[in-house]
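Undergrad: Provided below for reference: sequence and predicted model.
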Amino acid sequence: RKEVEQDPGPFNVPEGATVAFNCTYSNSASQSFFWYRQDCRKEPKLLMSVYSSGNEDGRFTAQLNRASQYISLLIRDSKLSDSATYLCVVDTGRRALTFGSGTRLQVQP
Amino acid sequence: DTAVSQTPKYLVTQMGNDKSIKCEQNLGHDTMYWYKQDSKKFLKIMFSYNNKELIINETVPNRFSPKSPDKAHLNLHINSLELGDSAVYFCASSQAASGRWEQYFGPGTRLTVT
């Protein structure tokens, strides 16, 4: 089983839509969780950390379910500029992070 | 005032050559990393240094040798380059001492071995 699993997509959605991505992780000892965004031919950039209570940053909401080892990202009112690959990231417990292979989002006009 | 910088941005070289990639961070972080992103876009950690000490060394051929002259720099030297080394190499940094694991990435070095 992969350490971090994501649906690769692509998710093709119209502008203004709400879209949700899910991710599962295998290491029950993981304590830190993040969503990163990677644009084509660019570096990954931190989008948001994911906290146990769930957290929101503008149009983005992240949720963590430790019992099911599941993380989600919800994007409301999608913009064209949201088109990118979204990486689910989990700490390994060895002072390192494991990156999922990413979910590609394409927002269409 | 780039936070994490890498040089060069592009590197095209022939099989068998030796090359180096340099990384610098001005965030005051104590930990730096090298990642490899292959053609399938999978981002995989190679090495990690904390305060100039090697703490992670994944299953990487020993043709790859990292070197950290100080906390702000982490270089990667690759000997006897092979076709399979073609990839994008990202440097990253974090402030592990604070217990926060967010990593900040450099722009990447696109290595092509011909």
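TA: Received, thanks. Residues are numbered from 1 along each chain as shown, chains lettered A, B, ... in the order given.
Undergrad: helix or strand right after the helix or strand bottoming out on mean pLDDT in chain A?
TA: Ranked by mean pLDDT, DSSP states H and E, the weakest helix or strand in chain A is strand A:97-99, scoring a mean of 91. With elements assigned by DSSP states H and E, the helix or strand that comes after strand A:97-99 is strand A:103-108.
Undergrad: tell me the average confidence for that next one?
TA: Across strand A:103-108, pLDDT averages out at 96.
Undergrad: Just the buried positions in that strand, please.
TA: The neighbour-count check on strand A:103-108 (16 or more other C-beta atoms under 10 Å in any protein chain shown) flags A:103-105, A:107 as buried. From N, CA and C alone the C-beta is placed, and that goes for glycine too.
Undergrad: Pipe those into TSV and attach distance to chain B per row.
TA: Output for the buried residues of strand A:103-108, formatted as TSV (distance: C-beta to the nearest C-beta, whole Å):
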residue	distance to chain B
A:T103	11
A:R104	9
A:L105	14
A:V107	19
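Undergrad: Which pair of the residues you listed spans the longest distance?
TA: Maximum pairwise distance in those, criterion C-beta to C-beta, is 13.1 Å, between A:T103 and A:V107.
Undergrad: sec struct for B:G84, please.
TA: For B:G84, the secondary structure call by DSSP: H, G, I helix; E, B strand; the rest coil comes out as helix.
Undergrad: Show me where the chain dips below the pLDDT cut-off.
TA: Here I'm looking at chain A. Applying pLDDT under 70 to chain A flags residues A:1.
Undergrad: try again with chain B
TA: For chain B, the stretches with pLDDT under 70 are B:1.
Undergrad: Done for today, thanks.
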